[in-house]
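# only geometry, no sequence info:
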């Protein structure tokens, strides 16, 4: 039984690999939808982008932002990005997004890409930032 199980498993694995590598045809009358691009960056890359002029955007709530944020960040809550596009700059400008855990910044990044923003970078959690966090007056970070 063991001798036949190993070749069978190998054949299944090879078949799965062949299927995974196969190209699917675009739907009739149109091109295939583009795959979403990976916009996640680490803290050091985000800091370098900001140093180079990218707009740093905190997508947490106004209350969370008031409790402490990254220096130079503007606050545009993730569920309001479509209402506050002017605060983000032109669609070609570099933008670095962050939140508490990375969930809201990922949602905001997808929304901005749908709106035609092509230079969006998602740092994810604020804790990824390599520098200091600007504490609210009277509070320590």
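Now that the structure is in, tell me what you want to look at. In this text the structure is predicted, and so the values were computed from the model without any measurement. Numbers count the residues shown, from 1 in each chain.

# just give the nearest non-adjacent residue to the residue nearest the centre of the chain, would you?
Among the residues of the chain, residue 122 comes closest to the average C-alpha position under C-alpha atoms, centre = their mean, at 3.5 Å. The shortest distance from residue 122 to any non-neighbouring residue, by C-beta to C-beta, 6 or more residues apart in numbering, is to residue 109 (4.3 Å). No exception for glycine: its C-beta is placed from N, CA and C like everyone else's.

# secondary structure element for the one you found?
Residue 109 belongs to helix 103-114 when assigned by DSSP states H and E.

# go on, residue 47?
Assigned by DSSP H and E, residue 47 belongs to helix 43-51.

# and the next helix or strand past that helix?
Next in sequence after helix 43-51, counting helices and strands by DSSP H and E, comes strand 55-58.

# partners of that following strand, with directions?
strand 74-75 (parallel), strand 95-99 (parallel) (DSSP bridges).

# next one: the shortest one to chain centre, how far?
Computed by C-alpha atoms, centre = their mean, to the nearest Å, the chain-centroid distance of strand 74-75 equals 17 Å.

# doesn't residue 72 belong to a strand?
No: Residue 72 is assigned coil when assessed by DSSP: H, G, I helix; E, B strand; the rest coil, not a strand.

# tell me the pLDDT at it?
At residue 72, the pLDDT value in this model is 95.

# can you offset everything so residue one is 37?
Understood, numbering begins at 37; the last thing we discussed is residue 108.

# so what's the residue nearest to it when sequence neighbours are not counted up against?
The shortest distance from residue 108 to any residue other than its chain neighbours is 5.4 Å, reached at residue 92 (C-beta to C-beta, 6+ apart). Neighbour list for residue 92: 82, 86, 106, 108, 109, 110, 132, 134 [criterion: C-beta atoms under 8 Å, 6 or more residues apart in numbering].
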